[in-house]
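Asks: build the 3D model from these lines:
(chains A and B)
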Amino acid sequence: MAAVGPSVFLLMVNGQVESAQFPEHDDLYCKYCFVYGHDWAPTAGLEEGISQITSKSHDVRHSLVWNFPIDVTFKSTNPFGWPQIVLSVYGPDVFGNDVVRGYGAVHVPFSPGRHKRTIPMFVPESTSTLQKFTSWFMGRRPEYTDPKVVAQGEGREVTRVRSQGFVTLLFNVVTKDMRKLGYDTGPADMLRVEGQGLTHGLPQ
Amino acid sequence: MDPKEEKMKIITEEVMENDEDADAGREKTAKAHRPRRKRQLRTAGPAEMVSGRADLGGPQEAAPEDPDPNTQLLGVSARRGPRSLPPIPSASRTGFAEFSMRERMREKLQAARSKAESALLQEMPTPRPRRLRGPGEKDLETEFGTEPGGGTQRTPREDDPQAHARVKFRDSARKIKSKPPVPPGFPSAEEAYNFFTFSFDPEPEESEEKTKVRSRDGANQEEEEGEGEEPPVRGANETDEEELLRGKDAEDFLLGLDPAAEDLVAVRPADYDGARVRLQKEKELLFTPSRLTVPTYKKLPENVQPRFLEDEGLYVGTRPAVPRTTQNIVENRLLMQDPDRKWFGDDGRILALPNPIKPFPARPPALTQGQGVNAELETLYKKAVRYVHRSQHMIGSGDPPGNFQLDIDISGLIFTHHPCFSREHVLAAKLAQLYDQYLARRQRNKAKFLSDKLQALRNAVQTGLDPAKTQKSIDITQKAINEYKSEIRQTRKLRDVEQEKDRTLLKTIIKVWKEMKSLREFQRFTNTPLKLVLRKEKVDQKADAEAYEAEIQAEVSELLEELSEEHEQRMEEYRAAYQQWKAWKKAQRAKKKKKKHAAEEHPEEEGEEPLPGEGPVKPVPPEPPSGAVLEQQVRERAARSRRRPGEPTLVPELTLAGSVTPNDQCPRVEVLRREDVKRRSVYLKVIFNGKEVSRTEVRPLGADFRVHFGQIFNLQIVNWPESLTLQVYETVGHSGTTLLAEVFLPIPESTVVSGRAPTEEVEFSSTQHVTLDHEGVGSGVPFSFEADGSNQLILMTSGKVSNSVAWAIGENGIPLIPPLSQQSIGFRSALKRADAISSIGASGLTDMKKLAKWAAESKLDPNDPSNGPLMQLISVATSGESYVPGFFRLEQLQQEFNFVSDEELNRSKRFRLLHLRSQEVPEFRNYKQIPAYDREIMEKVFQDYEKRLRDRNVIETKDHVDGHRAVVAKYLQQVRESVLNRFLIAKRHFLLTDLIVEEEVPNISSEGSGILGLSLFKLAEQKRPLRPRRKGRKKVTAQNLSDGDIKLLVNIIRAYDIPVRKPAAGKFQQPARSSRTFGEKRAASPPAHSSPAPSADYPLGQVLVRPFVEVSFQRTICHTTTAEGPNPSWNEELELPFRAPNGDYSMTSLQSVKDDVFINIFDEVLYDISEDDRERGSGTHTRIERHWLGCVKIPFSTIYFQARIDGTFKIDIPPVLLGYSKERSVILERGFDPVRSLSEGSYITLFITIEPQLVPGEPVREKFDSQEDEKLLQATEKFQAECALKFPNRQCPATVLDLSGKTVFVTRYLKPLNPPPELLEAHPNNPQATAELVARYVSLIPFLPDSVSFAGICDLWSTSDQFLDLLAGDEEEHAVLLCNYFLSLGKKAWLVMGNAIPEGPTAYVLTREQSHYLIWNPCSGHFYAQFDTFCPLKSVGCLIGPDNIWFNIQRYDSPLRINFDVTKPKLWKSFFSRSLPYPGLSSVQPEELVYQGSDKAAAAELQDRIEKILKEKIMDWRPRHLTRWNRYCTSTLRHFLPLLEASRGAGVEDDHRAELLRQLGDYRFSGFPLHMPYSELKPLIEAVYSTGVHNIDVPSVEFALAVYVHPYPKNVLSVWIYVASLIRNR
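Replies: Model (predicted):
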């Protein structure tokens, strides 16, 4: 079988949920999970994670740093349904209830290498002002039934959201056998690598 | 601000002082510095802490830059005074300040003195540099001053000393560098001291201020120390720098400041040069280009004639417009500057590119004044359009049926001929027409153009011929000249024709006018105001004559040349011909000679002498052209076509200035005519696509036969217009109207929008014949101007409509034009040639042929660079280099973008798989990891799917055994598919609640106040209460689950009344051995109250039962431990994994899971198999057998929708259970409550749930169309809302969906329907038995929940006939049918909507017997009394009768506790009441049900097949054992089953047992009959499997299996399966 060539390609993603900017909120933690298509299967690593609670830094940046590692490997036969990472950030409100502070999703970068992504985060809005008040008062803000909703387009038209802040993610992406299966996702300068053989890949 | 004011004061002081001694320049410098200082002050201002310091910084820096050190010092000291400085330092400082003040005063005096000796002192530049050095020093100071002023209080204290030290260091460094002697006139050491101490004291002050809190004294000391140290240093420094400055050029520093320049100039009168002299001087220097036109020869090389490329036919773009004078100036200047003349082109003009300015604005239309920018930039809200999933649902949404508008402006009508025209009118019309023609011609002025061209060509030829210039135009070869010449010839001819035409036109005009004049004279009145004036333009006779002559000469010479050429040519021809002739002649002669010779020999051949005509005639030499003749010809022609020399140019001018003779001066006929004209009126109809859409007002015909309408019609149209016609109608007096003519208007191009459309005149003419009895000439009839009637004319009514048609512009500037796609391709306006796109349409641009044709037609200038690409394209296209297909193709580039061909794509298995998955084809919906290569995809993946596709239209009987069911199954499948498709969109309708979890808004109303209060109360609730209450589990949406995540939890609690073993064997000649075995077994088992007597006596020897429960679900089996006795208690939780089909855990998939949970109760029987009694002491050999006692079957869908099932269920025990009985136990069981006895049977208490809890699918919230009355629907909604408000848990379906998806009022389903006649005939005298039989019949129709059949999307109600046709349905259908039967039997019956276990929300039937109510379960056929505890119906929501709905508003809803008397409005809220009477709704049910008779043959066949299949299955399930079939037993059982059917399983057991025992005496026998309605084979197999009969692995076991299928009408089949295992007793 190995002689015939690979039948799947692998996508290894590691990196971290680095930090966040939530100007109005503090003491937040985040959860991440991956959403991927039918042809994808995780082979190693964690698909989901929940981070520690972090407080704002005291400097002017007021950043919330998690540095929460992501490490997962997928295999797939088809780039359709490329994995997306879905982030949801939670934190206490004035009454100490845990409420959601933001949802966001981004595709895992296609090309191998180091990528930094800053995702704008948003939360669903209450349907009415009264509900807004009660939800604030009761600490039961509107939430998505499933955070994975933010990775898909269906049904979003019934919701209204408000943006809340940003989360910065760092990805290190390694792919294997993509090119052998005929998918070329590398950056332009990578194109030559295959043609020129090994020497080119050596450190210079 | 205080410091600022102070500052101002200081400055004024400065200025005052400066007036005395300083020059203006210096003052300026000071002023220039002022704002800067102020700014610094301002920046310093805000920081209060350091403001003092900052202020000090200000003056301190001012010090060096102030022009006069005296003033400066004064200012500073003045400021010092009021400043509140810390007391101690200030004390010392004040002294210091006073000192400096004194010093300053002294200096001032000195300065005053020194001013007197001005020249010398001022000349000396040395003191100035010091002041000028200011900026440099200032920077340094500013740094110190503003840094603290910037307001950083955190600056470490140490900074200051550091900086200080730094300065010091620098200074000392300088000191080291050089110390030149102080030159005289320099500031004294004292001065320097002052200066420097002053300038530096703020700095120590800084530190001092800082440190003052700590130690003032110390600081003071420090400061003093600093001061003490510094002065010498600074002084040295100062001098040092001045030294440097002196070395440099003083001017660089002083700029205008140096007073020396002025001071040294001797005063004398200004030089004056006279104006002339100055001009002279200026002339030497300046050049003023002339505005006069530069003669062409200057701009061109010597002796070169200007050459006009345009005239030579080359493309020259339009030059940008530049005023003549500007151009002249530039030309003059260029000529002056650059004598090479390279700026000038061949034509003597400045080289210029074509005008880049486009004639139309590229900017969007300018905003009108009325609407602001906002209106233009306004964003329009457009509702989001949903992506429609299936293309089949996209109903040609292409173009919105917008309203488009065509504006038709009809401005007027002019008759060019009308019956009422008088003769004069005819002439006038003719004249007007000719004049129009003349004007048009004159505007074009073709003759002039051609003449010019001719001139240009001649020039070109001359240039080319002139040998003097050949060095330049060497490339103009003879060939080119020849071409020019031929061109000249052509042009000349054309010109002549044009000129002739012009002349004849003019002549005709004059002639007509003369005619008119004569006519007017003749008839002695004037009808028309037309007047022709011929303006004569005098010409210079001499010049004209010369030009004329020159022209003629030129022409003659050219002609001569041509002719001579021609002559030459002809001479050539002549020579050739002559030669030929000569040769021929010669030959002839030779021939003749020969012939003569021959003739002598053959005299008979003489007749062959060729005819003279045959030979070439002798050519006549052409005559040379004669100049005189030619000239004569030319002159003649010129006379004909051209103005004679000296003849004035005639310019006709047509005016309407003439006066019309009034009526009273006219003859009677003319008056009549005029009156006739007045009686006539005209109007137009606008015909759009053959339909009249509007018409103009009726306007009277004017005396000048013009009608003015001036109306604009706005046609709102939907489609691209096909035709647009105006009809001209004329009315005469009060008589009818006549259609004069139809005018077809061209439909405007899409670029023509209103406001921009030109008014066009469209001509029309009519064929009508009119003869009039007055002066009017009539139409279509001959008339003549001549008195003698000769020269007759026939004129038809004709005229012109002036109109304009254009597309309207919408509110937002968008033209309201139907999309181009709607345009018919055939329609093209021939007029529009100018624009390619408007002519052939944008799509035509890709069509080369069309494009080429258009280009040819429109005579594009091929030399225009803007047409370049087009021309190239066309040339390529026409030359045939590229293939131009003769058809139009959509997406012509598609081919290029296809990376594989379609066939290849279709052949790809992978693509197919992906495609099917994305289509959500059930087989592939959840296919995971589609392989990357085709070769890895197994062919068998598609097999099922392909088979299904193949079989779609083939009725397969293999699975379905019975033909009818197969048809039904297929039909059901089709209904399902159509329903699925219909709901696909609805399913994707998300609501907010689907996506977002949100607290409900607290209700303020009385009903909801509880919620708000409750929720508020909840806030105060303890987080961890001492007595925790049960909370609902969190529900899980089913999308992110995978295999193994879901578990089915079955809690088996207890059972009642399990059948017990009957030692019947003993009673009926059972071999002793067997009974002994029983006894031994009992001995082996520990139970307390068992009596192990071998010969069991009844009352005491209660035969024990050791029941256990086995739960099987999806072939996973779990069982409890074994309990004892007929009322066992297990209380065990069993956990079964759940696997969704295809691993698809979506809601729809889960809803359609058809699997059932089987809860089987078994009796565990231990047999001692020890063969030898001797071994008994040392070991036990027992075999465990289990005997199936009964089962409870719960569909998974029920569990899924109910979330949990909790209750006591009746165990489905076969009617015959060999070896077991119940009666005894009933007697023994302490006499249960009487209700129990009513519904005898065994019961089991269960609790079933799914972990984690799944969210059941929401019903579809689509609003379906309905044929119900709108009022009724509204009432329904109201009723349901009211009911839901009061009792949200009680269901009340007032409207339901029928199979076609329409909303139907529920009572329409209820109507008496006849049961099958066979059933009625069975028990003619026993209504109760009939009712039971009917109920049984209904229960025999297989149960299939809607959620399964229709993927759980909705609850569809089928009518009873549909139900019977489908032979499948859920509770509602069964209940409706049963209720209808009962109604037809004359019972009072209702449909009960309520909750039951295990079904959940369901429908039962309630009947009213004489005194009590009965509740019927339509699916099982059982009935219960109202007060039966074990009635599965647990709550009643509403009752539905054929004519009303009653909602239960009683406090309780359990049937045990409610009153079913619907007449009581306090207990039952009725839908139709007095306020809303029953409108008499017609039923949706058929009039009558038609039943086919039962098909016995088919049933028998089915029976055989089922038996065969089941036998095979049992053998399959026992792969490791031999399965023997006892035929004898089978036949016995087979005979017994019909009896069971007949008695419905009651009261035949004993006979049967006796029979069995008699026949199979030597067998130990265990078996039971299963009874099921027949739907498919699979449930039968499952049922048999779940009994576990096959699990017996006794080697000698034999099996018996009998199947009986009893057919009922309408193909309803009752299936009995008797399974038994036999073990031969030895």
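
Asks: which positions in the one helix or strand B:Arg673 maps to come out as buried?
Replies: In this assignment (DSSP states H and E), B:Arg673 forms part of helix B:668-679. Neighbour-count burial for helix B:668-679, counted by 16 or more other CB atoms under 10 Å in any protein chain shown, picks out B:Glu670, B:Val671, B:Leu672, B:Arg673, B:Arg674, B:Asp676, B:Val677. For every residue, glycine as well, the C-beta is placed using N, CA and C.

Asks: contacts only, for B:Glu483.
Replies: Contact analysis of B:Glu483 by CB atoms under 8 Å, 6 or more residues apart in numbering or on different chains lists nothing.

Asks: and it, that one's in a strand?
Replies: No: according to DSSP: H, G, I helix; E, B strand; the rest coil, B:Glu483 belongs to no strand; its state is helix.

Asks: just the pLDDT at it, thanks.
Replies: Note on B:Glu483: pLDDT of 79.

Asks: cool, A:Val35 as well?
Replies: Looking at A:Val35, the pLDDT reads 92.

Asks: what is the neighbour count of it?
Replies: By other CB atoms under 10 Å in any protein chain shown, the residues close to A:Val35 number 22.

Asks: then B:Gly776?
Replies: When counting by other CB under 10 Å, one arrives at 24 neighbours for B:Gly776.

Asks: now for the residue of chain A found nearest chain B, how many residues are close by?
Replies: Using CB to the nearest CB, the single residue of chain A nearest to chain B is A:Gly155, 3.2 Å away. Neighbour count of A:Gly155, defined by other CB under 10 Å: 17.

Asks: just B:Asp452 next, same as before
Replies: Using other CB under 10 Å, B:Asp452 is surrounded by 16 other residues.

Asks: from memory it sits against B:Asp311, does it?
Replies: Yes: taking contacts as CB atoms under 8 Å, B:Asp452 lies within contact range of B:Asp311: 6.8 Å.

Asks: does the longest helix along chain A reach chain B?
Replies: Taking DSSP state H as the criterion, chain A has its longest helix at helix A:129-138. Yes: against chain B, helix A:129-138 shows contacts by CB under 8 Å from any CB of the partner chain at A:Leu130, A:Gln131, A:Thr134, A:Ser135, A:Met138.

Asks: which SS state does the residue of the stretch 351-500 of chain B found nearest chain A fall under?
Replies: Closest approach between the stretch 351-500 of chain B and chain A, counting by CB to the nearest CB: B:Ala384, at 5.5 Å. Here B:Ala384 is recorded as coil under three-state DSSP.

Asks: from A:Pro147, how far off is the residue lying closest to it once chain neighbours are set aside?
Replies: Nearest in space to B:Ala384, with sequence neighbours left out and distances taken as CB to CB, 6 or more residues apart in numbering or on different chains, is A:Glu157 at 5.5 Å. Here the criterion is CB to CB, to the nearest Å. By it, A:Glu157 lies 18 Å from A:Pro147.

Asks: compare these two (neighbour count), which wins?
Replies: Higher neighbour count among A:Glu157 and A:Pro147: A:Pro147, with 20 against 14, using other CB under 10 Å.

Asks: okay, now the closest residue to the more buried one other than its chain neighbours: neighbour count?
Replies: Counting by CB to CB, 6+ apart, the nearest residue to A:Pro147 once its immediate chain neighbours are dropped is A:Ser88, at 4.4 Å. Using other CB under 10 Å, A:Ser88 has 24 other residues around it.

Asks: and for B:Ser1129?
Replies: Counted with other CB under 10 Å, the neighbours of B:Ser1129 add up to 14.

Asks: so who does the closest residue to it other than its chain neighbours touch?
Replies: Once flanking residues are discounted, B:Ser1129 sits nearest to B:Arg1054: 4.2 Å by CB to CB, 6+ apart. Counting by CB under 8 Å, 6+ apart, B:Arg1054 touches B:Asn1127, B:Pro1128, B:Ser1129, B:Trp1130, B:Asn1131, B:Ile1244, B:Thr1245.

Asks: what does chain A put close to chain B?
Replies: A:6-9, A:38-41, A:76-78, A:80, A:124, A:126-128, A:130-131, A:134-135, A:138, A:140, A:142-146, A:148-149, A:154-159, A:181.

Asks: the residues you listed in strands, which ones?
Replies: With strands taken from DSSP state E, the overlap with these comprises A:Phe9, A:Trp40, A:Ala41, A:Ser76, A:Pro124, A:Glu143, A:Tyr144.

Asks: does the second one touch A:Gln84 like I think?
Replies: Same thing as A:Trp40. No: contact criterion CB under 8 Å: A:Trp40 and A:Gln84 do not qualify, at 10.5 Å.

Asks: ok, now which ones touch the residue nearest to B:Val294 when sequence neighbours are not counted?
Replies: Leaving aside its sequence neighbours, B:Val294 sits nearest to B:Glu331 (CB to CB, 6+ apart; 4.6 Å). By CB under 8 Å, 6+ apart, the contact set of B:Glu331 is B:Val294, B:Lys299, B:Phe344, B:Ile350.

Asks: if you set the cut-off to 7 Å instead, what comes out?
Replies: Remark: with contacts taken as CB atoms under 7 Å, 6 or more residues apart in numbering or on different chains, B:Glu331 is in contact with B:Val294, B:Lys299, B:Ile350.

Asks: among those residues, which ones are buried?
Replies: Among the contacts of B:Glu331, the ones that count as buried by 16+ other CB under 10 Å are B:Val294, B:Lys299.

Asks: between the contacts of B:Glu331, which has the least confident prediction?
Replies: For the contacts of B:Glu331, the pLDDT minimum is B:Lys299, 76.

Asks: quick check: it touching B:Phe344?
Replies: Yes: at 4.4 Å, B:Lys299 counts as touching B:Phe344 under the criterion of CB atoms under 7 Å.

Asks: in chain A, which spans are strands?
Replies: Here chain A has its strands, by DSSP E, at A:9-21, A:29-35, A:40-45, A:48-50, A:64-76, A:84-92, A:98-107, A:113-124, A:143-144, A:161-176.

Asks: now distance to B:Ala628 too, for those strands, in CSV please.
Replies: Below are the strands of chain A laid out as CSV (distance: least, CB to CB, whole Å):
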stretch, distance to B:Ala628
strand A:9-21, 100
strand A:29-35, 105
strand A:40-45, 104
strand A:48-50, 115
strand A:64-76, 102
strand A:84-92, 101
strand A:98-107, 97
strand A:113-124, 98
strand A:143-144, 109
strand A:161-176, 100
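
Asks: which one's the longest helix in chain B?
Replies: If you go by DSSP H, chain B has its longest helix at helix B:541-601.
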